[in-house]
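Turn this into a structure:
(one chain, ligands or ions: 1)
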Amino acid sequence: MNYSTIQTLDDTKLVKTICTQKSADKNDGVWKYGEEGALQNYEELGRLFGVSTSDIVHVKQTHTAEVRIVTKKDGGEEILRPESVSGYDGMITNEKRLLLCTLQADCVPLFFLDPVQQVIGMIHSGWKGTANQIGVNAVRLMKEAFGCRPSDILAAMGPCICGDCYEVGEELLEQFGVFYSEEERKCFFHKREKEGKYLLDLPEAISISLQREGLKKENITRSFSCTLHDGIFASYRKEKDPVARMLTGIMLI
Ligand SMILES: [Zn+2]
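As a prediction, the model looks like this:
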(Lines give C-alpha, C1' and ligand atoms only; values in the text may rest on other atoms or scores of the structure.)
Protein backbone atom coordinates (compact mmCIF):
# COMPACT_ATOMS: atom_id res chain seq x y z
CA MET A 1 0.00 0.00 0.00
CA ASN A 2 1.43 3.35 -1.03
CA TYR A 3 0.49 6.35 1.06
CA SER A 4 1.36 9.81 2.28
CA THR A 5 0.94 11.23 5.75
CA ILE A 6 -0.05 14.63 7.12
CA GLN A 7 3.32 15.74 8.40
CA THR A 8 2.10 18.69 10.45
CA LEU A 9 -0.01 16.34 12.56
CA ASP A 10 2.30 13.32 12.70
CA ASP A 11 5.10 15.62 13.87
CA THR A 12 3.22 16.15 17.16
CA LYS A 13 3.87 12.43 17.91
CA LEU A 14 0.30 12.24 19.20
CA VAL A 15 -1.29 10.81 16.06
CA LYS A 16 -0.63 8.71 13.00
CA THR A 17 -2.28 9.71 9.70
CA ILE A 18 -2.64 8.22 6.24
CA CYS A 19 -3.72 9.25 2.73
CA THR A 20 -3.60 6.25 0.38
CA GLN A 21 -2.20 6.67 -3.10
CA LYS A 22 -3.23 5.01 -6.33
CA SER A 23 -1.21 2.01 -7.42
CA ALA A 24 -0.94 -0.45 -10.26
CA ASP A 25 -2.61 -3.16 -8.17
CA LYS A 26 -6.29 -3.05 -9.01
CA ASN A 27 -7.37 -3.88 -5.47
CA ASP A 28 -5.29 -1.15 -3.98
CA GLY A 29 -7.50 1.89 -3.65
CA VAL A 30 -10.71 -0.18 -3.57
CA TRP A 31 -12.07 0.90 -0.25
CA LYS A 32 -15.79 0.62 -0.68
CA TYR A 33 -17.34 -2.04 1.50
CA GLY A 34 -18.46 -5.11 -0.41
CA GLU A 35 -16.23 -4.44 -3.40
CA GLU A 36 -13.66 -7.05 -4.27
CA GLY A 37 -10.49 -6.49 -2.32
CA ALA A 38 -11.91 -3.97 0.13
CA LEU A 39 -11.79 -6.09 3.28
CA GLN A 40 -8.22 -7.20 2.56
CA ASN A 41 -7.27 -3.55 2.21
CA TYR A 42 -8.76 -2.77 5.63
CA GLU A 43 -6.89 -5.70 7.14
CA GLU A 44 -3.66 -4.39 5.67
CA LEU A 45 -4.50 -0.92 6.94
CA GLY A 46 -5.06 -2.36 10.42
CA ARG A 47 -1.67 -4.07 10.35
CA LEU A 48 -0.04 -0.80 9.35
CA PHE A 49 -1.56 0.96 12.36
CA GLY A 50 -1.18 -2.02 14.69
CA VAL A 51 -4.94 -2.39 15.25
CA SER A 52 -7.58 -4.88 14.14
CA THR A 53 -10.39 -4.11 11.69
CA SER A 54 -12.73 -3.81 14.68
CA ASP A 55 -10.72 -0.77 15.78
CA ILE A 56 -11.32 1.00 12.47
CA VAL A 57 -14.41 3.16 12.24
CA HIS A 58 -15.97 4.47 9.13
CA VAL A 59 -19.18 6.48 8.89
CA LYS A 60 -21.37 6.00 5.86
CA GLN A 61 -20.84 9.26 4.03
CA THR A 62 -23.76 10.95 2.38
CA HIS A 63 -22.56 14.53 1.82
CA THR A 64 -24.14 15.85 4.99
CA ALA A 65 -22.72 18.41 7.44
CA GLU A 66 -23.26 16.07 10.41
CA VAL A 67 -20.51 15.00 12.79
CA ARG A 68 -20.75 12.40 15.55
CA ILE A 69 -18.68 11.25 18.48
CA VAL A 70 -17.36 7.72 18.06
CA THR A 71 -15.96 5.29 20.62
CA LYS A 72 -14.45 1.81 20.57
CA LYS A 73 -17.91 0.28 20.41
CA ASP A 74 -18.35 1.88 16.99
CA GLY A 75 -15.22 0.11 15.75
CA GLY A 76 -15.72 -1.99 12.63
CA GLU A 77 -18.58 0.18 11.52
CA GLU A 78 -19.21 0.25 7.79
CA ILE A 79 -16.41 -2.30 7.34
CA LEU A 80 -17.65 -5.26 9.36
CA ARG A 81 -21.20 -3.92 9.78
CA PRO A 82 -22.12 -2.14 6.57
CA GLU A 83 -24.97 0.35 6.50
CA SER A 84 -25.00 0.51 10.30
CA VAL A 85 -24.70 4.26 10.64
CA SER A 86 -25.55 6.70 7.94
CA GLY A 87 -26.20 10.38 7.71
CA TYR A 88 -22.78 11.45 9.01
CA ASP A 89 -19.74 12.68 7.14
CA GLY A 90 -17.46 13.30 10.05
CA MET A 91 -16.50 11.93 13.43
CA ILE A 92 -14.47 12.89 16.45
CA THR A 93 -13.05 10.90 19.35
CA ASN A 94 -10.75 11.17 22.35
CA GLU A 95 -10.09 7.43 22.42
CA LYS A 96 -6.65 6.15 21.61
CA ARG A 97 -6.02 3.42 19.06
CA LEU A 98 -9.31 3.97 17.27
CA LEU A 99 -8.63 4.68 13.60
CA LEU A 100 -11.10 7.14 12.06
CA CYS A 101 -11.43 6.88 8.28
CA THR A 102 -13.20 8.61 5.43
CA LEU A 103 -13.09 8.11 1.67
CA GLN A 104 -12.54 10.76 -0.95
CA ALA A 105 -12.01 11.15 -4.65
CA ASP A 106 -11.57 14.92 -5.13
CA CYS A 107 -13.44 16.00 -1.95
CA VAL A 108 -11.40 17.45 0.93
CA PRO A 109 -10.23 15.15 3.73
CA LEU A 110 -10.20 17.41 6.76
CA PHE A 111 -8.20 16.32 9.80
CA PHE A 112 -8.37 17.80 13.30
CA LEU A 113 -6.16 17.43 16.33
CA ASP A 114 -6.42 19.21 19.65
CA PRO A 115 -3.05 18.40 21.21
CA VAL A 116 -4.15 19.82 24.58
CA GLN A 117 -7.33 17.80 25.17
CA GLN A 118 -6.08 15.04 22.85
CA VAL A 119 -9.10 14.88 20.61
CA ILE A 120 -9.08 14.05 16.90
CA GLY A 121 -11.50 14.46 14.03
CA MET A 122 -11.76 13.04 10.51
CA ILE A 123 -14.14 14.79 8.15
CA HIS A 124 -15.22 14.29 4.53
CA SER A 125 -15.83 17.77 3.15
CA GLY A 126 -17.07 17.92 -0.43
CA TRP A 127 -18.73 21.03 -1.79
CA LYS A 128 -22.01 20.31 0.01
CA GLY A 129 -20.39 19.64 3.37
CA THR A 130 -18.17 22.69 2.94
CA ALA A 131 -21.09 24.95 1.96
CA ASN A 132 -22.97 23.69 5.02
CA GLN A 133 -20.01 24.08 7.39
CA ILE A 134 -19.18 20.53 8.38
CA GLY A 135 -15.72 21.61 9.56
CA VAL A 136 -17.23 24.25 11.85
CA ASN A 137 -19.70 21.67 13.16
CA ALA A 138 -16.79 19.39 14.05
CA VAL A 139 -15.01 22.17 15.96
CA ARG A 140 -18.22 23.02 17.87
CA LEU A 141 -18.70 19.39 18.84
CA MET A 142 -15.06 19.19 19.99
CA LYS A 143 -15.75 22.25 22.17
CA GLU A 144 -19.03 21.02 23.63
CA ALA A 145 -18.11 17.40 24.20
CA PHE A 146 -14.46 17.65 25.19
CA GLY A 147 -13.86 21.25 26.19
CA CYS A 148 -11.47 21.93 23.31
CA ARG A 149 -10.41 25.53 22.70
CA PRO A 150 -10.49 26.50 19.00
CA SER A 151 -7.20 28.37 19.42
CA ASP A 152 -5.50 25.07 20.36
CA ILE A 153 -6.92 23.04 17.46
CA LEU A 154 -4.75 22.07 14.50
CA ALA A 155 -6.56 21.53 11.19
CA ALA A 156 -5.07 19.95 8.07
CA MET A 157 -6.52 19.41 4.64
CA GLY A 158 -5.21 16.46 2.68
CA PRO A 159 -4.99 16.03 -1.11
CA CYS A 160 -8.13 17.14 -2.97
CA ILE A 161 -9.10 18.79 -6.24
CA CYS A 162 -7.34 22.15 -6.41
CA GLY A 163 -8.72 25.61 -7.02
CA ASP A 164 -7.30 25.64 -10.58
CA CYS A 165 -9.02 22.38 -11.57
CA TYR A 166 -12.39 22.46 -9.87
CA GLU A 167 -14.78 24.00 -12.38
CA VAL A 168 -18.33 24.46 -11.15
CA GLY A 169 -21.53 26.12 -12.33
CA GLU A 170 -23.05 29.36 -11.11
CA GLU A 171 -25.65 27.58 -8.97
CA LEU A 172 -22.96 26.63 -6.44
CA LEU A 173 -22.21 30.28 -5.77
CA GLU A 174 -25.72 30.58 -4.38
CA GLN A 175 -25.42 27.43 -2.27
CA PHE A 176 -22.41 28.94 -0.52
CA GLY A 177 -24.38 32.13 0.14
CA VAL A 178 -26.07 30.76 3.26
CA PHE A 179 -22.95 30.71 5.42
CA TYR A 180 -20.51 32.92 3.50
CA SER A 181 -20.71 36.65 2.75
CA GLU A 182 -20.24 37.94 -0.77
CA GLU A 183 -16.79 39.24 0.17
CA GLU A 184 -15.79 35.84 1.51
CA ARG A 185 -17.07 34.03 -1.57
CA LYS A 186 -14.86 36.24 -3.75
CA CYS A 187 -11.86 34.68 -2.02
CA PHE A 188 -12.68 31.16 -3.21
CA PHE A 189 -14.93 31.51 -6.29
CA HIS A 190 -13.04 32.78 -9.32
CA LYS A 191 -14.95 33.56 -12.47
CA ARG A 192 -13.87 31.84 -15.68
CA GLU A 193 -14.01 33.37 -19.12
CA LYS A 194 -16.72 30.85 -19.99
CA GLU A 195 -20.25 32.00 -19.27
CA GLY A 196 -21.58 30.88 -15.90
CA LYS A 197 -18.49 28.90 -14.92
CA TYR A 198 -16.35 29.36 -11.82
CA LEU A 199 -13.29 27.81 -10.28
CA LEU A 200 -13.93 26.80 -6.69
CA ASP A 201 -11.14 26.60 -4.11
CA LEU A 202 -12.65 24.36 -1.41
CA PRO A 203 -9.66 24.44 0.99
CA GLU A 204 -9.80 28.23 0.99
CA ALA A 205 -13.53 28.14 1.83
CA ILE A 206 -12.85 25.70 4.67
CA SER A 207 -9.95 27.79 5.97
CA ILE A 208 -12.08 30.96 6.07
CA SER A 209 -14.86 29.33 8.08
CA LEU A 210 -12.43 27.68 10.52
CA GLN A 211 -10.73 31.02 11.19
CA ARG A 212 -14.12 32.57 11.79
CA GLU A 213 -14.69 29.82 14.39
CA GLY A 214 -11.52 30.79 16.24
CA LEU A 215 -8.81 28.57 14.75
CA LYS A 216 -5.48 30.30 14.20
CA LYS A 217 -4.45 30.80 10.58
CA GLU A 218 -1.04 29.30 11.26
CA ASN A 219 -2.70 26.18 12.67
CA ILE A 220 -4.52 25.44 9.41
CA THR A 221 -2.49 23.66 6.75
CA ARG A 222 -3.33 22.30 3.33
CA SER A 223 -1.76 19.78 1.02
CA PHE A 224 -0.73 21.20 -2.32
CA SER A 225 -1.18 17.87 -4.04
CA CYS A 226 -4.18 17.96 -6.40
CA THR A 227 -6.11 14.72 -6.93
CA LEU A 228 -7.00 15.72 -10.48
CA HIS A 229 -3.81 17.09 -11.97
CA ASP A 230 -1.12 15.27 -9.98
CA GLY A 231 -2.27 11.72 -10.71
CA ILE A 232 -1.01 10.37 -7.37
CA PHE A 233 -4.36 10.07 -5.59
CA ALA A 234 -7.74 8.80 -6.79
CA SER A 235 -9.82 11.35 -8.69
CA TYR A 236 -13.45 10.82 -9.60
CA ARG A 237 -13.46 13.69 -12.08
CA LYS A 238 -10.46 12.26 -13.85
CA GLU A 239 -11.18 8.55 -13.79
CA LYS A 240 -14.96 8.40 -13.43
CA ASP A 241 -14.31 5.27 -11.39
CA PRO A 242 -17.07 4.77 -8.84
CA VAL A 243 -14.91 2.47 -6.69
CA ALA A 244 -11.39 3.88 -6.49
CA ARG A 245 -11.11 6.22 -3.54
CA MET A 246 -8.39 7.74 -1.45
CA LEU A 247 -8.74 6.50 2.12
CA THR A 248 -7.71 9.02 4.74
CA GLY A 249 -7.37 8.20 8.39
CA ILE A 250 -6.17 9.49 11.74
CA MET A 251 -5.57 7.71 15.05
CA LEU A 252 -4.47 8.88 18.50
CA ILE A 253 -1.49 6.79 19.52
ZN1 LIG B 1 -5.42 20.71 -9.83
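
residues near Lys238, how many?
Using other Cβ atoms under 10 Å, Lys238 has 17 other residues around it. Yep, even glycine has a C-beta here, placed from its N, CA and C like the rest.

Start at 24, not 1
Happy to do that; since the first residue is 24 now, the last one works out to Lys261.

that's a strand at it, yeah?
No: using DSSP: H, G, I helix; E, B strand; the rest coil, the assignment for Lys261 is helix, not a strand.

so how far is the ion from it?
Distance, Lys261 to the ion, by Cβ to the ion, to the nearest Å: 10 Å.

separation between that residue and Glu58?
Using Cβ to Cβ, to the nearest Å, Lys261 is found at 19 Å from Glu58.

Check Ala88 too.
27 Å.

Could you tell me the per-residue confidence at the residue nearest to Glu67 when sequence neighbours are not counted?
Of all residues not flanking Glu67 in the chain, Met24 sits nearest, at 5.7 Å (Cβ to Cβ, 6 or more residues apart in numbering). The per-residue pLDDT reported for Met24 equals 86.

With Lys119 instead?
98.

Can you name the residues that contact it?
Met274, Leu275, Ile276 (Cβ atoms under 8 Å, 6 or more residues apart in numbering).

ok, so of those, who is nearest the ion?
Closest approach between the contacts of Lys119 and the ion, by Cβ to the ion: Met274, at 28.6 Å.

For burial, what's the neighbour tally of the residue nearest to Glu67?
There are 15 residues near Met24, going by other Cβ under 10 Å.

doesn't Glu66 make contact with it?
No: with contact defined as Cβ atoms under 8 Å, Met24 does not count as touching Glu66 (10.9 Å).

elements contacting the helix or strand of the chain with the lowest mean pLDDT?
Least confident helix or strand, the chain: helix 259-262 with a mean of 86, by mean pLDDT, DSSP states H and E. Using 3 or more Cβ pairs under 8 Å, 6 or more residues apart in numbering; DSSP states H and E, the elements in contact with helix 259-262 are helix 250-253.

The helix it packs on close to the ion?
Yes: using Cβ under 5 Å from the ion, we find that helix 250-253 touches the ion at Leu251, His252.

list the buried ones in that helix?
Across helix 250-253, burial judged by 16 or more other Cβ atoms under 10 Å covers Thr250, Leu251, Asp253.

now stretch 36-54
37-45, 51-54.

Any idea how far stretch 151-164 is from the middle of the chain?
11 Å (Cα atoms, centre = their mean, to the nearest Å).

got it, and stretch 199-218?
On Cα atoms, centre = their mean, the centre of stretch 199-218 falls 22 Å from that of its chain.

can you list contacts of it?
Here stretch 199-218 has contacts from 153-156, 186, 190, 195-196, 220-225, 227-228, 231-232, using Cβ under 8 Å, 6+ apart.
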